[in-house]
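J.: Give me coordinates for this.
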Amino acid sequence: MEENNTKTIEESFDALEEIISKLEASDISLDESFELYKNGMEELKLANEKIEQTKKAVMAISKDGSLEVFEGEE
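T.: Numbers count the residues shown, from 1 in each chain. Reported below is the predicted structural model:
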């Protein structure tokens, strides 16, 4: 799954949308559904990791006009 580490957040969301569409199809087996679910959870984890990385890297302008790393609310 090393290649997935280079995916963008958007690519992960696109993959999730595709997985959801396949899961909504009525012509897939339980085994296929489970495999798609696992893949979806991996994509979701990757997207969340990318979002967290991006959030940490966002720069915010402080009141005195200097740039500082966005800490966010936790």
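
J.: Distance of Ala15 relative to Glu52?
T.: Distance, Ala15 to Glu52, using C-beta to C-beta, to the nearest Å: 18 Å. Placement of C-beta: from N, CA and C, glycine included.

J.: Give me the more crowded residue out of these two.
T.: Ranked by neighbour count (other C-beta atoms under 10 Å), Ala15 and Glu52 place Ala15 first, with 19 against 11.

J.: who's in contact with the residue most central in space within the chain?
T.: The centroid of the chain falls nearest to Ala47 when counting by C-alpha atoms, centre = their mean (1.3 Å). Contact analysis of Ala47 by C-beta atoms under 8 Å, 6 or more residues apart in numbering lists 9, 12-13, 16.

J.: quick one: which of these sit in helices?
T.: Secondary structure defined by DSSP state H assigns 9, 12-13, 16 of these to helices.

J.: need those in CSV with neighbour count and distance to Glu24, can you?
T.: Putting the ones in helices among the contacts of Ala47 into CSV (neighbours: other C-beta atoms under 10 Å; distance: C-beta to C-beta, whole Å) gives the following:
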residue, neighbour count, distance to Glu24
Ile9, 15, 23
Ser12, 21, 19
Phe13, 14, 16
Leu16, 17, 13
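
J.: Looking at those residues, which one is closest to Ser26?
T.: Leu16 (19.7 Å; C-beta to C-beta).

J.: Could you pull up the residues touching the closest one?
T.: When contacts are counted by C-beta under 8 Å, 6+ apart, Leu16 touches 40, 43-44, 47.
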